[in-house]
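A.B. asks: here are the coordinates; sequence isn't available:
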């Protein structure tokens, strides 16, 4: 069977952007999740460090990702994450992008982020298997 | 409005969506590409290849910035390999896009090789068509140089640049793999490292040798050898100038026209091959599948030639009938 045909019958790979935003310079977690996503068969684009929210939005739009994972440890989530959400909304891309936040988000701030359009937050100790399962279950269906 | 209309109207998200449809071979993507083809043809397509670690992404980032300074819009298609086991991939180029991050005049798209050779080159060519129709002035296709993949992918490019890291060994190993033939220009990147001079010398000797091996009537383009230090931006202007020189030469020598014709001929051939293969696979499946036929061949009830003929004969007849009948207004 040809590769072309095989591809039509198989599911398309889930595309993810793993992003680091702001001044936070620790990207070990982002690397680990990128690798785990890759091993799960996803196509992963890693943004690199020190991105501005608008750069993350632009990358998510151009790469047409299903999932945007923002890894943030610096405590700047309250300012940076809403800027990303607004940017996605402006492009009309928020509704069909699964937005995840990983890293350190104090419990008190979580409800607010979730209310603003973040789909799920994975804190320290979140299991990789669960995260991958969550993405598989919640990655938006594409009309084809 | 359709996605294609939105793309033509300048909507980046529609462009991104169309490229996804192309990658996924989503139903109807062919009609999209067919519609876009009419609006394409204006872009200058540059292929950049070289071994992992040669500094391709960094150089591409700087080249893109140089074009932006010259007022041109830029598209980048960065192809990375996928895992043969999981199909997953880490597509890395965003990390190196420092100079252009956030600039809407630069559209960067990462593509995974998704495990197929022929399929990749079709998808890349189609994605170039989408960027071209979008109105992008310069499209850069960047790919890891590791074999046949690259030779196919650069088929989409007007100008091919091969990056050679210093100290690539006495034989300049990658040049054995046919990369010498596809290069319109060479860039010895990281030229500040030891061994760069030597690599330049080796390349020069190799090119001279090729010239003396007598291609007297061959078109007179002499691939320049440039030295660049991409992370410091050195040699980038010279690189962009050399690419422009090559484009001038393509146009003045009539080679560009020829090249475009060759490219479309190759595209038609590839599509025909793929579609015929699919049609035959379908026919074979309808006859109980390959395994059943092989069983009969093994049991000496039939032979490979007869099986192939039995599958193909009705198609051949059908096509011929249609062709001959087409005279009376079919």
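C.D. replies: Right, received. Where do you want to start? It should be emphasised that the depicted structure is a prediction, and the values quoted were computed from it without experimental measurement.

A.B. asks: Strands of chain A, start to end?
C.D. replies: A:15-20, A:43-46, A:67-72, A:98-103, A:120-122 (DSSP state E).

A.B. asks: Distance from the chain centre to the third one, please.
C.D. replies: Remark: strand A:67-72 is offset 4 Å from the chain centroid, using C-alpha atoms, centre = their mean, to the nearest Å.

A.B. asks: Packed most tightly, which of the strands of chain A would that be?
C.D. replies: Counting by mean count of other C-beta atoms under 10 Å in any protein chain shown, strand A:43-46 has the highest mean neighbour count of the strands of chain A, with a mean of 29. (Glycine included, C-beta is placed from N, CA and C.)

A.B. asks: Show me what that one is packed up against.
C.D. replies: Judged by 3 or more C-beta pairs under 8 Å, 6 or more residues apart in numbering or on different chains; DSSP states H and E, the packing partners of strand A:43-46 are strand A:15-20, helix A:28-39, strand B:89-91, strand B:106-112.

A.B. asks: The longest helix anywhere in chain A and chain B, are they touching?
C.D. replies: As assigned by DSSP state H, the longest helix anywhere in chain A is helix A:77-90. No - Helix A:77-90 does not reach chain B (C-beta under 8 Å from any C-beta of the partner chain); its nearest approach is 10.3 Å.

A.B. asks: Which other helices and strands does that helix contact?
C.D. replies: Using 3+ C-beta pairs under 8 Å, 6+ apart: helix A:77-90 touches helix A:53-62, strand A:67-72, strand A:98-103, helix A:107-116.

A.B. asks: in the stretch 101-250 of chain B, which spans are strands?
C.D. replies: B:106-112, B:138-144, B:159-164, B:185-189, B:225-228 (DSSP state E, counting those that start in this stretch).

A.B. asks: Count the residues that sit near whichever residue of chain B sits closest to chain A.
C.D. replies: Chain A sits closest to residue B:95 of chain B, with a gap of 3.4 Å, by C-beta to the nearest C-beta. Neighbours of residue B:95 under the rule other C-beta atoms under 10 Å in any protein chain shown: 18.

A.B. asks: from memory it sits against residue A:48, does it?
C.D. replies: Yes - judged on C-beta atoms under 8 Å, residue B:95 makes contact with residue A:48 at a distance of 3.4 Å.

A.B. asks: Specify the beta-bridge partners of residue 46.
C.D. replies: Let's take chain A. residue A:18 (DSSP bridges).

A.B. asks: that's the wrong chain, I meant chain B
C.D. replies: Residues in beta-bridge contact with residue B:46 (DSSP bridges): residue B:140, residue B:159.

A.B. asks: contacting residues around it?
C.D. replies: For residue B:46, the contact set (C-beta atoms under 8 Å, 6 or more residues apart in numbering or on different chains) comprises B:63, B:138-141, B:157-161, B:243.

A.B. asks: Worst mean pLDDT among the helices and strands packed on strand A:43-46?
C.D. replies: Least confidently modelled of these is strand B:89-91, at a mean of 81 by mean pLDDT.

A.B. asks: residue ranges for the helices of the stretch 101-250 of chain B, please.
C.D. replies: Counting by DSSP state H, counting those that start in this stretch, the stretch 101-250 of chain B has helices at residues B:117-134, B:148-153, B:173-174, B:180-182, B:196-212, B:236-252.

A.B. asks: Tell me if I am right that the residue of chain B closest to chain A is in a helix.
C.D. replies: Yes - Residue B:95: assigned to a helix according to DSSP: H, G, I helix; E, B strand; the rest coil.

A.B. asks: Tell me the pLDDT of it.
C.D. replies: pLDDT, residue B:95: 70.

A.B. asks: Please tell me how far it sits from residue A:19.
C.D. replies: Distance, residue B:95 to residue A:19, using C-beta to C-beta, to the nearest Å: 11 Å.

A.B. asks: Look up the residues that both of those two are in contact with.
C.D. replies: A:46-47.

A.B. asks: Pick out the residue in chain A sitting closest to chain B.
C.D. replies: For chain A, C-beta to the nearest C-beta, closest residue to chain B: residue A:48, 3.4 Å.

A.B. asks: ok, now how distant is that residue from residue A:99?
C.D. replies: Distance, residue A:48 to residue A:99, using C-beta to C-beta: 19 Å.
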